[in-house]
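# Build me a model from this:
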Amino acid sequence: MHETFGKLSRTTAGAHAPDGTLDLPHRPRRNRRADWARRLTRETTLTVDDLIWPIFLIDGEMRREPVASMPGVERFSIDEAVRAVSEAAALGVPAVALFPFTDPELRDPDGREALNGGNLVCRALRALKREVPHIGLITDVALDPYTSHGHDGVLDGDRILNDATVELLVLQALTQAEAGADVIAPSDMMDGRVGAIRAGLDEAGRADVQIMAYAAKYASAFYGPFRDAIGTKKALVGDKKTYQMDPANGDEAEREAELDVAEGADMLMVKPGLPYLDIVRRLKDRFRMPTYAYQVSGEYAMIAAAAQNGWLDRDAAMLESLACFKRAGADGVLTYFAPEAARRMKER
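Now for the predicted structure:
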């Protein structure tokens, strides 16, 4: 047995050196032996420029309200959002995405508050555009924060009406663009909404407003804390499986993205993130479009809660998870860790 091992060592791995070590022709560990070498040979680089910060808005003044299921995340009144976003901009975070907690009294079956130019999101857009003009403002186009039933569209019984919903989404997008949105991000997963929104924006003289399409948004179990944050968890009737994608499907994601590209999307997004890195890679490889992933509330909560219990190193897990998105092909990540990650990267 020893002779056989010796022969294998000489023929497949090299002879023994005088000091008794194997004389191997290739030693990948040489490139890992020092920090400078690891940095020099690193294939994927994560920077502050890769981060988009989703924030939650609430009515009122001087309010910061913790989201219980997302340790470290708060809802901001508009004045506090301006302060927080100013700090994020100073760290170099290039863009924020706005999500409202809508007063239940303002919600109705058709989500008409979404079309109100004085709603919470629109007021926040104007304030942020005025006070922090150099940061990108991304707005969610979907009706779920505004409907009494918690769905992304208009209901007829238990059925979502696709075309009637799209008509409202176009008006919502125009309302947000008028208030100062730089990027419209339709997350509703209605068929044809990207093309309709693009046509509506162009006809209204808003051709410069970009569209970040939620091209592959899955009916995922990882959205629970987000629904807590915007107040739709208790309101939601049934589930969203008839319009959000089946987590088992990959080819369908390519078909969805192909439609969005053809309809005028400027950027594509995959949601959730880490469980769907294969989809990120497929979309990036096929379409060569700016492609993003959303590290959703459940992903954030798992890392934050585990770190809170001492089971994970928060900083290490945070930065590792974000680097994984870049390795998979994402051009950027929507993440609740954005300001925190930006600070850590600057410290390093």
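
# Report how many residues lie close to residue 239.
For residue 239, the neighbour count with other C-beta atoms under 10 Å is 9. Heads up, the C-betas are built off the backbone N, CA and C, glycines and all.

# The spatially most central residue of the chain: which element?
Nearest residue to the geometric centre of the chain (C-alpha atoms, centre = their mean): residue 294, 2.1 Å. Secondary structure assignment for residue 294, by DSSP states H and E: strand 291-295.

# Only the buried residues of the helix or strand following that strand, if you could.
Downstream of strand 291-295, the first helix or strand assigned by DSSP H and E is helix 297-308. Neighbour-count burial for helix 297-308, counted by 16 or more other C-beta atoms under 10 Å, picks out 297-304, 307.

# Any chance you could list what contacts helix 297-308?
By C-beta atoms under 8 Å, 6 or more residues apart in numbering, the surrounding residues in contact with helix 297-308 are 69-73, 220-226, 228-229, 272-275, 312-314, 317-318, 321, 335-337.

# show me where the protein has strands.
Assigned by DSSP state E, the chain shows strands spanning 51-57, 64-66, 74-76, 95-100, 136-141, 154-156, 159-161, 183-186, 210-217, 267-271, 291-295, 332-335.

# Let me know which of those is the nearest to residue 251.
The closest of the strands of the chain to residue 251 is strand 210-217. By C-beta to C-beta, the value is 10.9 Å.

# Give me the residues contacting the closest one.
So strand 210-217 is contacted by 138, 182-189, 194, 197-198, 201, 244-245, 253, 256-257, 260, 264-271, 276, 279, 283, 292 (C-beta under 8 Å, 6+ apart).

# Can you give the strand pairings for that strand, parallel or anti for each?
Take DSSP bridges as the rule and strand 210-217 pairs in its sheet with strand 183-186 (parallel), strand 267-271 (parallel).

# In CSV: those strands, plus mean neighbour count, mean pLDDT and distance to residue 147.
As requested, the strands paired with strand 210-217 are exported to CSV (neighbours: other C-beta atoms under 10 Å; pLDDT from 0 to 100; distance: least, C-beta to C-beta, whole Å):
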stretch, mean neighbour count, mean pLDDT, distance to residue 147
strand 183-186, 25, 98, 16
strand 267-271, 25, 98, 19
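
# Now list the buried members of the contacts of strand 210-217.
Buried members of the contacts of strand 210-217, counted by 16+ other C-beta under 10 Å: 138, 182-189, 194, 197-198, 201, 244-245, 253, 256-257, 260, 264-271, 276, 279, 283, 292.
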